[in-house]
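K.L.:
predicted model follows, preceded by the sequence.
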Amino acid sequence: MEKDKIELLIDNLATRNIKGYYFNDFNEAKLKIKEIISIEDTIGIGNSITLKNMGISLELKNRGNIVYDKTLAKTKQESKVLKKKSLLVDWYITGTNAVSIGGHIVNMDHSGNRAAAMIYGPENVIIVIGVNKITDDLNEAIFRVRNIASPKNAKRAGLNPPCVDTNECIDCRSEDRVCNNLVIIEGQNDKDRMKVFIVNESDGF
Ligand code: SF4
């Protein structure tokens, strides 16, 4: 993506009290995360293909941080406990489903733990996105979330709502519906609590 578009997004995030950062690749973003988070800090991790591929959770754990990552849970009960512990950490690291150039951060959550942690609880939040998550406006961001991210996330979770076959949202009432919380973050009260790491590569959905 052209750098001037990313710079415009960073400017727009700043008007919303959210700090944007630019990185050439995911490794650069990972180094920055390890630099700004102290080894004494507690960390929660949101379920994200991008973060999984970065391997950030295990790297932070291995260097000594306390990390609550529900994707490492062995049971449903353990996953539930980790999700709750993630609400009171020093840092919450997550992906998101779409970010408009105007700076709307758009999430579709199944149980809502990720959106909850982004909004309130953790002292700091880092959202890592590849440029494939950036959309021209809010409508396109919501379209992306419903018709691209949600069907793929449902499939990844082993669920089978109608969109898994059609790649088109029909606002289903399936038992396997993954779209229970459409959350648009428009800004922050605490300046720079939320940071968006924009990586000029593509990953995740
Ligand atoms: S509401 Fe249903 S059909 Fe639409 S994206 Fe969500 S799970 Fe798929």
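P.N.:
Looks like it came in fine.

K.L.:
neighbouring strands - and their directions - for the helix or strand Val196 falls within?
P.N.:
Assigned by DSSP states H and E, Val196 belongs to strand 194-199. Note on strand 194-199: by DSSP bridges, its sheet partners are strand 19-23 (parallel), strand 124-130 (parallel).

K.L.:
kindly reformat those strands as JSON lines and extend each row with mean pLDDT.
P.N.:
JSON lines is the format used below for these (pLDDT from 0 to 100):
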{"stretch": "strand 19-23", "mean pLDDT": "97"}
{"stretch": "strand 124-130", "mean pLDDT": "97"}
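
K.L.:
please name the nearest non-neighbouring residue to the most centrally placed residue in the chain.
P.N.:
Closest residue to the average C-alpha location of the chain: Gly95 at 1.9 Å, with Cα atoms, centre = their mean. Nearest residue to Gly95, sequence neighbours excluded (Cβ to Cβ, 6 or more residues apart in numbering): Ser48, at 3.2 Å. Where you see a C-beta, it was placed from the backbone N, CA and C, and this is true even at glycine.

K.L.:
next one: Lys85
P.N.:
Lys85's closest residue in space is Tyr68 (Cβ to Cβ, 6+ apart), at 4.5 Å.

K.L.:
quick one: contacts of the helix or strand containing the one you found?
P.N.:
Tyr68 is part of strand 66-69, with elements assigned from DSSP H and E. Identification of contacts with strand 66-69 by Cβ atoms under 8 Å, 6 or more residues apart in numbering yields Thr42, Ile43, Gly44, Ile45, Ser57, Leu60, Lys61, Leu82, Lys83, Lys85, Ser86, Val89.

K.L.:
quick one: the helices in the protein, in order.
P.N.:
3-14, 26-36, 49-54, 56-62, 76-85, 113-119, 138-144, 150-156, 163-166 (DSSP state H).

K.L.:
same list (these) but as a markdown table, adding distance to the ligand, mean neighbour count and mean pLDDT.
P.N.:
Shown next, in a markdown table, are the helices of the chain (distance: least, Cβ to the nearest ligand atom, whole Å; neighbours: other Cβ atoms under 10 Å; pLDDT from 0 to 100):
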| stretch | distance to the ligand | mean neighbour count | mean pLDDT |
| --- | --- | --- | --- |
| helix 3-14 | 25 | 15 | 95 |
| helix 26-36 | 27 | 16 | 97 |
| helix 49-54 | 17 | 19 | 93 |
| helix 56-62 | 26 | 17 | 96 |
| helix 76-85 | 20 | 15 | 96 |
| helix 113-119 | 15 | 21 | 97 |
| helix 138-144 | 11 | 18 | 97 |
| helix 150-156 | 4 | 20 | 94 |
| helix 163-166 | 3 | 16 | 94 |
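
K.L.:
quick one: closest of those helices to Arg193.
P.N.:
Nearest to Arg193, of all those, is helix 113-119, at 10.1 Å by Cβ to Cβ.

K.L.:
next, count neighbours for the residue lying closest to Thr94 once chain neighbours are set aside.
P.N.:
Leaving out its chain neighbours, the residue that sits closest to Thr94 by Cβ to Cβ, 6+ apart is Gly46, at 2.9 Å. The number of residues packed near Gly46 is 27, by other Cβ atoms under 10 Å.
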